[in-house]
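Undergrad: Below is the sequence, then the predicted model.
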Amino acid sequence: MFYYYSSPLYRSITKMYRALLISFLILGLHCDNCLSIREYSKEDVLKLREEVREMFQHAYDSYLRYAYPYDELRPLSCDGVDTWGSYSLTLIDALDMLVIMGNYTEFNRVVDIVLEKQNFDTDINVSVFETNIRIIGGLLSAHLLSNKSGMKLEPGWPCNGPLLRLAEDVAHRLIAAFDTTTGMPYGTINLRSGVPPGETSITCTAGVGTFIIEFGTLSRLTGDPLYEEVALNALKALYHHRSPIGLVGNHIDVMTGRWTAQDAGIGGGVDSYFEYLVKGAILLERPELMSMFNEARTVIDKYLKKDDWYVWATMLKGHVTLPVFQSLESYWPGLLSLIGESDTAMRILHNYHSVWKQYGFTPEVYNLGTGEASSSRESYPLRPELIESIMYLYRETRDPILLQMGEDILRSIQHSARTPCGYATIKDVRDHRKEDRMESFFLAETTKYLYLLFDPDNFIHNPGVHGTVINTPNGECIVDMGGYVFNTEAHPIDPLMLYCCHEARQGINISEVHRISQILDEEDNIQFMTMIDASMNRNITNTTEKETDSETTTSFKVNTTTTTTNEIRDFPKAEQSQVSIKTETRTGYVNIDGTEREKTKNESLGDILKDHISNYYNNTTINDSNKETITEEPSTQTVSKVAVDDIIIPQKTESDTLQLPSTTKAKEVIKILPKVLQDYINNDYRAKSTCEPQRMLERIRNEKRYPEHPDINKYRILLTAAPSFMQRVCIAGEFLNRKHVEL
Amino acid sequence: MFPTADTEDISRVTSLKRKSSFSSNERDSTESSQVAKQNNNRELTFNMLIKEVVFCIALVLTTYGALHNTPAKISKVPRAVRFFYSDSVVADWYKGQLSNALATINTEDLSFVMYYAPWDAESQYVRGEFEKAAHILRDRVHFSAINCWNPGSECRLQHNKIPSWPILMAYTVTSRGVLYKGPRNAESMVNFLEMLMRPLEKISNTEDLVNLLSICDAVALGFTPLTDTSRYYNIWYNVALKSREFDTVGEICFATVTSKELAMDLGVERVPNLRLMLWNDTKEYKPEDSNQSWNETFIMHWVLQNFAQPVARIIPMWQKSYSFERFADGQPMLILFTPLNPLYEQLPSYALLREVAMEYYNCKNNESNQWTAELIKLQQVQRLLYQQKNFLKFCQEYKFKKPVKKVNALSKRDVFISQNNKYLWNNLTQKTQKSGIFNFLINHALVTSKEADGPNDNLWPKLGFLDQCGMSTAKSLPAEKSFYENYEKCQSIEDQLREEKENAEMDEQDVETTMLPFEDDPLSAENLIQDNVKHFCQLMKFANKLSPPVSPSRVTSGNITHIHGLACKTNNTLYMTAIDSVRNYHFAEALGINIKNKKDMTAVVILDSKYESQYVMSEEYSAKSLREFIYNFTHKNLKRTLRTYVENAKYTHFFGSNKNTHINEKNESMVQILDLTTRTFKKVIRTPGTVTLVAVCGGGCGALTSRALVHAGRVLSACGVRVQCARIDALRHDLPWHYTAHAYPTILVFPANGGGEAESRAFPGAERVSGGAVLALALRSLGAPRQLRVRLALCQQAQMIDEKKACLKDIREHINSVIDRNLKYWRRTDVVDLKAALLMRLKHLHQVSLYMNLLHITDLNDNNQLQQLLLRSLNNMSKIWDIDESILRKSVIPSPINR
């Protein structure tokens, strides 16, 4: 093969081929003089979409032809290579893209190929993080999308199915990595035997916090709480170990909880931790995750944001260490658009795109001081982050400039990364030399986001205008209403599928209906009382036909008079009067119905109402039943206090035994033995010491190492704020004010 | 600088290694087998075998090592290829041969150079526009394109830090290059180059100046008498050139006075000097030391600093910028969307807004009041005259004439305008005698040191009729007498103009005989003129293809409300801005204006950020409607326009834009949610007899929100309630005030009884958006009796016994609380009618409560007697439940009370 490869004949052939290709390209350039369009009608966008489809197809076909069953394609040498494991990574990663493009037959064919594998029982060491996002994520999304392709589904889908079982099998193999003192996982694991002996306990932040989407999905589909709890525990652990100013570092020792790399940033090594906080909050409806993100974001904006760039700083003090932009950071604007901050996101995105404009690609590291690509990290491995943000923002804003940016990316890749068999990593963005590698995320992410940008009608973009009802053993279930959540490897997950197996048992939760009804009734009650009392006031002031209500108690009279005076004093606003009335109705009839009522009443008040009430009480101080409302406040505060004050670095559990995953015990002994024996013993040993997931879960539950976040039920956090009025003229790169620009 | 690593070398090295190793392997194996055959000695064979094995192992190892130590294969840098067609007008230096290119450029009077990167999408786009511009100007300008990215090339080595592609530069013989920063479309580029070809307007008499003033936003006038070295002139010339870097569309007209006498006439004592004549002011450049400060950078800086215009022209550059920043300070802002084609000499729509803006800002107390008032009239006349011209017709007719007769057309436009003006001026100055515009301008403005000597308020009383001239020149004759008067005047002016023209023609023809035959001499005056006309016509044709000239509609009836000095009467002063609607229609569409369907693609909108309202002018754009619009806005007589996205916007893409695909898919298992717009919103929420659940989302609705909505809807309809689900994208659709949400998603419920709007209920924000919660929200709008019914049905559907028990318990509790409340109301109120109604309610509630308490979970089926009794009593109750609201309504805040 090598011989053939290097033969002069071959070379001349490749040369000819290349010449042909180049001439073809030239032809292509010149046939269509306006190759680049800056204004995109429906047809233009579809044309671009088809170009992306062709792009995917070219790379995908080449992979199948030259590289399968290896992990990745080598686009210059036209062969395959194993990189992250040997599980045909690119194939699994590209699966759901076939559904998104509507190529169902190929999808069904490939699923069958993938399913030939019963499990992942191989003796290889893999990255826990990469396996999770690429393999588990890919399998899960393929599983959830398989109803689209007309594939024959197993009964019980989506809570059951071969792909799901395969995903669970992988997850099960990964779970042993979480068996650590802190609950944060190891970085590497052997698929057959768990944590490899002598494995370093140092993991990057993203490697700790990037599980909740896949594991949460898995838990809710299978009904096994193990995965979600373990992932959540890891997230909590990370949150717990943040620095006193609230930043997280780059690498942490999962056994001691000590930060080994203390640079805080939003890029490489940390990125998907933040991503998963937001997406996890949306997917699993967990306000506490969003709250954790909001806290993190506040400090990030405070310490790391400079002139709409994000730099690196020390996690303890927030001093800037590295003024660089990383290609990986480009996901941030997309993340902000998910929480409704498109304006800020656009500003940041424009900065990032300017780097793209300079080089045609974004280098791994771009030095902000010199305005140049870092000379040691100048490659571009066809990363998707920038186009990801563009896609999200276009969906949110429909800003035409984003289509231009998308085309910028498409053109550069087509011009400089395309090879006869695939698309190659750019070795040096400054001169566009190519390197012999095509990472699997090119097919899984880059092409997917590009495709979705140019396909506004894709089912993924469904803004909630239609859905499908499917019948599950749990009853009927509504799915496919849009709002897909992408994992960090761009595998879409329909949040509604999770509810099919998890919550949708009996249709609607009746007690919840009752509870909310009570709250609402209470509001109505207040309103009605207001009406009545307003009519009363009128009568009092008029004093015409006063005698009818002799039943009114004296105290009540006092109250009404205060109300009227209050009304006179303050603005005669509806809210105000509502509030004042409310207070007295409470004293009136709280006792009729017993204690339960009182509870609901506390809950029933919106925050605004609460404020008004306490104001009112503070002003008048007639009643003292307000204690209830007030006492609630400090309790929550103290809880959050505990959470904040508890961080000590390194963690105080250091004195505890660090040898919890029993593997560490024998380590020292083994090292003395000769290598052959070591291997033998290891194999033997591993078999015995495989971690018992259920026991680990029990331990995590019992230990309760990390307190619950105080915002656990504050669903308001999940809402997004409405943009300001003048924002509506802010398109095409226009912004309203510079006040965010510091430096 | 950048390693253009020749990987051929690398691969050759590696391949050689491999090759040798492989062949040696071959050779060795054959040798060894021969040896084995010849010698039958076992030991020897064994030895050889061992040797061989060892050798093979070693070989394998080395090959393995060689394989794995070779550096990762890296390709060459992309080869440079032609970027433009080979037959293109543009010289393409695709290998980045900078010095060759510059050598060519230096031989040309004016050249326009594009530095590009071949992979860049923008460069690829600009390539087309560049070519177009080159096609039009190929006789006058040299066009070059240089690949300045090609690694290792000359251009790359010299300019290795270009932040964004392409870079466009114009080089003249004298200048070091003017960077082009304007919009990268052909027409703007052509306009830019035209400006560079004629950077300065020569002013030889006051008429020229007046003419210029009537066209431009501002005139920068340099007094640079010719000297031996003409140093001052040169500097001024360079300033004019260089300023185009910052003023890409030519808002400032640069002019020069080279005659000392004229300068003296205009009141300039010391030369060189510089004046910037703005709409409300004339500024004089005051150098401290004349020698030092007559300096390009200082002057240019000064001009750009002091430049101001009544209407700010916003040219979005489609990159990160803050063009709107200075207008977003809380004051309202008026935006005119209209085609601003840079190739036309004047833009009447824009000029009209300029006049109106000047009128609006021109306050009585202002010192420059007079000057501005005059300028308005001057510009108005100029605009009206311009509107009547038809260049296309002119160009067409021109071609049919023989070259001999063309002379009069001496770029007819210019002659026409200046002569018209001259004539008008003369004519009118004669009529109004002393207070002519010349005198006035000279007295008042051009001589800045002096004040105006007299009130000239009624200076141009007769000019108003010109507004109606266009009308009268039309074929139909209006009935009113005043129009006849106007018509006459217009006619007479036109006649005079025609005479003038003919005179000119005659003059020319007289002169003509003395000339050389022009066919032979391409540089003869005639041929030059002809060439110029041809060029002008070509430009006009090109401009017309992009967007035909537009002008505001005629005012046909009614008086024009004048808005003199309105800006000073309110502290809510409007900013006036104009945006090109051809290139930047997106901005209009973002405001919900379907600009492409508007007449002339012209629309006016006011954004009032203080009240979060926008107002779109509904009438056609004209002098009258615009003034009224501003007037009404100032007096708060306008109705807020609700923005909604432009449905047939060709260039904005939404989900579901090709609807047919979804209709096909429709089947049993599909659930639909109505996608509302501002327009359909009101209709849908008023659907009679149907409860409407609306999710107000920012952008797309989240999956969980949609699900909650659909879920609740399905449960309700299963319980016999007519219900519809809908969503609205609040980022693109404004809703009436009371539905404006501040956080998304918000869920609104509109009850069935048609009363619609006022009874919507917003979702309690702190709660989780779930099916149950939305259901509860919807139940509330049903009224207690129906609510109980639905809840009973719900209990019936529950599957577990525990659940059913809990459900019934909840209902009982609910009834209790309803009784509590009504009792409370009854005790509280003093209105007799209300008391009676509440008493009725209580009676029925009592009944219901009784049955409810008797009900056991086993009774939860349709045929059960007890349940039917209960349902009947609920029916009875629902009849009396609603309380006539008017009992309480009289002086109270309106709010629903049928709970």
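TA: Cool, the structure landed. Please read all numbers here as calculations on a predicted model, not as lab measurements.
Undergrad: Can you get me a residue count around the spatially closest residue to residue A:357 that is not a sequence neighbour?
TA: Nearest non-adjacent residue to residue A:357, counting by Cβ to Cβ, 6 or more residues apart in numbering or on different chains: residue B:164, 4.4 Å away. The way it works is simple: take the backbone N, C-alpha and C, and place the C-beta from them, glycine included. Neighbour count of residue B:164, defined by other Cβ atoms under 10 Å in any protein chain shown: 14.
Undergrad: cool, residue B:104 as well?
TA: 16.
Undergrad: Next: the one 5 residues further on.
TA: The local packing of residue B:109 (other Cβ under 10 Å) involves 12 other residues.
Undergrad: which residues does the residue lying closest to it once chain neighbours are set aside contact?
TA: Closest residue in space to residue B:109, ignoring its immediate chain neighbours: residue B:173 at 5.8 Å, by Cβ to Cβ, 6+ apart. Residue B:173 makes contact with B:108-110 under the criterion Cβ atoms under 8 Å, 6 or more residues apart in numbering or on different chains.
Undergrad: per-residue pLDDT, residue A:86?
TA: The model reports residue A:86 with a pLDDT of 83.
Undergrad: In a helix, it, correct?
TA: No. In this structure, residue A:86 is coil, not part of a helix, as judged by DSSP: H, G, I helix; E, B strand; the rest coil.
Undergrad: Could you report the distance from it to chain B?
TA: 17 Å (Cβ to the nearest Cβ, to the nearest Å).
Undergrad: and what of residue A:367?
TA: With Cβ to the nearest Cβ as the criterion, residue A:367 and chain B are 12 Å apart.
Undergrad: What is the burial count for that residue?
TA: Applying other Cβ under 10 Å, I find that residue A:367 has 16 neighbouring residues.
Undergrad: Write down the beta-bridge partners of it, one by one.
TA: Judged by DSSP bridges, the bridge partners of residue A:367 are residue A:324, residue A:372.
Undergrad: Show me what from the stretch 51-200 of chain A comes close to chain B.
TA: The stretch 51-200 of chain A comes close to chain B at residues A:74, A:76-77, as judged by Cβ under 8 Å from any Cβ of the partner chain.
Undergrad: ok, so of those residues, who is nearest chain B?
TA: residue A:76 (4.9 Å; Cβ to the nearest Cβ).
Undergrad: can you tell me which residues contact the residue nearest to the closest one when sequence neighbours are not counted?
TA: Take residue A:76 and drop its neighbours on the chain: the residue closest to it by Cβ to Cβ, 6+ apart is residue A:436, 4.1 Å away. The contact partners of residue A:436, by Cβ under 8 Å, 6+ apart, come to A:74-77, A:424-425, B:72-74.
Undergrad: how about 6 Å then?
TA: Contacts for residue A:436 were tallied using Cβ atoms under 6 Å, 6 or more residues apart in numbering or on different chains; they are A:74, A:76-77, B:72-73.
Undergrad: State the distance from it to residue A:421.
TA: 11 Å (Cβ to Cβ, to the nearest Å).
Undergrad: now do residue A:401
TA: 34 Å.
Undergrad: Pick out whichever of those two has more residues nearby.
TA: More neighbours surround residue A:401 than the other of residue A:401 and residue A:421, with 25 against 22 (other Cβ under 10 Å).
Undergrad: tell me which element that one falls in.
TA: For residue A:401, the host element (DSSP states H and E) is helix A:400-412.
Undergrad: Quick check: residue B:606 is in a strand.
TA: Yes. According to three-state DSSP, residue B:606 belongs to a strand.
Undergrad: got a list of what it touches?
TA: Counted by Cβ under 6 Å, 6+ apart, residue B:606 has contacts B:332, B:334, B:615, B:633.
Undergrad: can you give me the strands for the stretch 101-250 of chain A?
TA: A:125-127, A:188-190, A:202-204 (DSSP state E, counting those that start in this stretch).
Undergrad: ok, now the stretch 351-500 of chain A?
TA: According to DSSP E, counting those that start in this stretch, the strands that the stretch 351-500 of chain A contains are A:365-367, A:372-373, A:418-419, A:422-423, A:425-428, A:433-435, A:466-472, A:475-479, A:485-486, A:492-493.
Undergrad: Can you pull up the most central residue in chain B?
TA: What sits nearest the mean C-alpha location of chain B, by Cα atoms, centre = their mean, is residue B:587, with 2.9 Å.
Undergrad: Run through who's touching the helix or strand harbouring it.
TA: Using DSSP H and E, residue B:587 sits in helix B:585-590. Helix B:585-590 is contacted by residues A:400, A:728, A:731-732, B:337, B:579, B:595, B:646, B:649 when judged by Cβ under 6 Å, 6+ apart.
Undergrad: ok so, going back, between the contacts of residue B:606, which is closest to chain A?
TA: residue B:332 (10.7 Å).
Undergrad: For burial, what's the neighbour tally of the closest one?
TA: If we define neighbours as other Cβ under 10 Å, then residue B:332 has 20 of them.
Undergrad: Touching, it and residue B:574? I think so.
TA: Yes. With contacts counted by Cβ atoms under 6 Å, residue B:332 reaches residue B:574, the gap being 5.4 Å.
Undergrad: How far off centre is the longest helix seen in chain A?
TA: Criterion DSSP state H: the longest helix present in chain A is helix A:510-542. Computed by Cα atoms, centre = their mean, to the nearest Å, the separation of helix A:510-542 from the middle of its chain amounts to 41 Å.
Undergrad: Can you confirm whether it lies near chain B?
TA: Yes. For helix A:510-542, a contact with chain B is found by Cβ under 6 Å from any Cβ of the partner chain, at A:510, A:512-514, A:516-517, A:520, A:524-525, A:527-528, A:531-532, A:534-535, A:538-539.
Undergrad: Now do the residue nearest to the centre of chain B against residue A:733, distance only.
TA: Distance from residue B:587 to residue A:733, by Cβ to Cβ: 11 Å.
Undergrad: and the helix holding residue A:401, what does it pack onto?
TA: With contacts taken as 3 or more Cβ pairs under 6 Å, 6 or more residues apart in numbering or on different chains; DSSP states H and E, helix A:400-412 sits against helix A:385-397, helix B:121-137.
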